[in-house]
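> following is a predicted model, sequence given first.
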Amino acid sequence: LCTGYMIYDPIFIIKDNSWSVHEDDVPFLLHHLVTIIYMSQVRILGAGHISAMTMMFSGEVTNPFQSTDSVVRFAIHLAESGSVWHVIHPYVEYVFAVSYAFVRSIVGPLQIAHIAYDLLLTREGRSNVKPYISVVWIILLSAIIVGSIPWIEDCVGMVMDGVEVVKYDSSYDHGPKFEL
């Protein structure tokens with residue numbers, strides 16, 4: 001199911017961009033490609049399911065905060081100034097930024113270190129997955145985190161600004177696809 005989503009989502013993004021790939025989409029598309037490769041290998045080899053599930057969990061656990069932030073970002077364009085959307089926006093943005101930065105910069109690398117330890121340094125890990133495949137998996141998982149660096153930096157900046165400074169306020173230009 002998750003692999004199907006990882007295939008569908010990039011196709012939808014490219015279709016939405018008039019069947020072209022924008023520079024900003026490259027990290028997103030590479031993230032999906034790496035995830036498809038990793039999860040497919042896990043299924044084919046019949047090993048590494050726990051690592052795949054924990055990486056998916058940590059990758060998706062911040063989605064409710066991100067979705068809420070996205071809804072509120074656009075609600076402030078529709079609602080009158082001073083509405084509940086304007087009041088909660090700084091806090092929603094801050095909660096999302098804290099959760100995303102924490103999970104992607106601390107939890108993710110710790111998970112990869114644990115997976116690397118298990119695959120390379122334990123007898124069971126070495127017997128379930130060949131060492132050269134383990135190395136490839138560790139590189140793929142690391143690439144997912146490295147690909148998140150621009151968004152991690154963005155979120156760390158929002159955390160450092162606190163709730164007093166809203167990055168994506170009502171004057172922020174989301175581009176022509178989001179004009180109201």
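Structure received.

> which residue is nearest the centroid of the chain?
Gly59 (5.4 Å; CA atoms, centre = their mean).

> point me to the helix or strand that includes that one.
Here Gly59 is covered by helix 49-60, with elements defined by DSSP states H and E.

> quick one: the helix or strand just after that helix to helix 49-60, angle?
Remark: after helix 49-60, the chain's next helix or strand is helix 63-78, criterion DSSP H and E. Comparing the axes of helix 63-78 and helix 49-60 via axes from the mean of the first three to the mean of the last three CA atoms, to 10 degrees yields an angle of 20 degrees.

> just checking, what packs against helix 63-78?
Helix 63-78 sits against helix 84-102, with contacts defined as 3 or more CB pairs under 8 Å, 6 or more residues apart in numbering; DSSP states H and E. (C-beta placed from N, C-alpha, C; glycine too.)

> quick check: angle from the helix or strand just after the helix it packs on to helix 49-60?
Using DSSP H and E, the helix or strand that follows helix 84-102 towards the C-terminus is helix 108-121. In terms of direction (the same axes, to 10 degrees), helix 108-121 departs from helix 49-60 by 170 degrees.

> tell me the mean pLDDT over helix 108-121?
The predicted model gives helix 108-121 an average pLDDT of 94.

> stretch 147-155 too?
When pLDDT is averaged along stretch 147-155, the result is 90.

> show me which residues of that stretch are buried.
Going by neighbour count (16 or more other CB atoms under 10 Å), the buried part of stretch 147-155 is Gly147, Ser148, Trp151, Ile152, Cys155.

> the third one against Tyr100, yeah?
Spelled out, it's Trp151. Yes - the pair Trp151 / Tyr100 is scored as a contact, 6.8 Å apart, by CB atoms under 8 Å.

> now the helix holding Gly59: average pLDDT?
Mean pLDDT, taken over the full extent of helix 49-60, equals 87.

> what helices and strands are in contact with it?
For helix 49-60, the packing partners by 3+ CB pairs under 8 Å, 6+ apart come out as helix 26-45, helix 108-121, helix 131-147.

> apply 7 Å and report the result again.
Judged by 3 or more CB pairs under 7 Å, 6 or more residues apart in numbering; DSSP states H and E, helix 49-60 is in contact with helix 26-45, helix 108-121.

> now that helix: buried residues?
The neighbour-count check on helix 49-60 (16+ other CB under 10 Å) flags Ser51, Ala52, Met55, Ser58, Gly59 as buried.
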